[in-house]
Every structure is written in structure tokens, then in C-alpha cells.
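[1] No sequence on hand, only this structure:
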């Protein structure tokens, strides 16, 4: 091998090393640019996340407020329902007491009518003994006088005023 061949081989090796060095340098620069772009993109994403975090927290707070309002409304509705149930129970008790009172009054009315009838039966001067029917047994549904009350001749067009008692 001669000296010129060795020089050409050395020159070729140097050129190859320079080319490899250039390729490595360009690759590193490209990698550095890529890393810088990634850093910038990450910074943008962090900035967007920070901005959206405030919005998300505001939405979360609004959702929690709505949930609390809903719970409050449900509690108020439950309280109104409980009050309505209590009032319905009170009304039912009052109705039951009214029915009991009506039954007691009916029983008292019957007893009162029986006493009046018995008094009329025992009284020798009573209306049943002299043929005059002054006592009218009535039901609460019609417009006749109450049972055991005297008939009013002033309001009866068929009454001639004669009581049936002897005139003095």
C-alpha cells in the first residue's frame, strides 16, 4: 500500500467521522427541539388544566349547592307530608268523635222521646187520653215540631183552637 492510498483512507475515515459527527449533532439538536416543543406543550396543558380547574371547582361547588338545595327541599316536603299525615289523623279522630257524639245524642233523643211518651201514657189529662194528639213524633228530617213539643195552633191552618178540654 502506498502512501497516497493510506492518505485517501485516512481522509475517507475523517470525512466519515465528520459526517457521523454532523449527523449526531443534528440529531441532538432535533431531539433538543423536540424536547423543547414537548416542554412548551406540557406547559400549555398545565396552564389549560389550571384554568379549567377553577371552572371545575366552580361547577363542583354549584353541584354541591344544588344537592344541598335538593336535600333541603326534600326535608321540607317530608315535613309537610308528616304534617299533612298528622292533620289527617287529627281530622279522622275528630270525625270519629263526632260520630260517637251523634250516636250518643241519638240515644239521648230516643230516651227523651221515650220519657215523654211514657209521661203522656201515665198522665190522665194527657193528649192520648182525651183524644187530642198534640204531641207529634217526628224525625229530624221533616219540618214538624220536635218530638214531645206542644203543637202550636196559631201556625196550624187545620187547628180550630179547640183543645178538647171542657170550657168553663
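    That came through fine. The structure presented is a predicted model; accordingly, all values stated were derived computationally and were not measured.

[2] quick one, helices of this protein?
    3-122 (DSSP state H).

[3] measure residue 29 to residue 22 for me?
    10 Å (CB to CB, to the nearest Å). Where you see a C-beta, it was placed from the backbone N, CA and C, and this is true even at glycine.

[4] can you check residue 116 too?
    As for residue 116, its distance to residue 22 is 136 Å (criterion: CB to CB).

[5] Between these two, tell me which one has more neighbours.
    residue 116 (17 against 10; other CB atoms under 10 Å).

[6] quick one: pLDDT of the more buried one?
    We have a pLDDT of 91 for residue 116.

[7] quick thing: my sequence starts at 26, can you match it?
    Got it, the first residue is 26 from now on, which makes the last one we talked about residue 141.

[8] pLDDT value on the spatially most central residue of the chain, please?
    The central residue of the chain, meaning the one whose C-alpha is nearest the mean C-alpha position (CA atoms, centre = their mean), is residue 102 at 3.8 Å. Note on residue 102: pLDDT of 97.

[9] Around residue 107, how many other residues sit close by?
    Residues near residue 107, counting by other CB under 10 Å: 10.

[10] ok, now residue 108?
    Counted with other CB under 10 Å, residues neighbouring residue 108 total 10.
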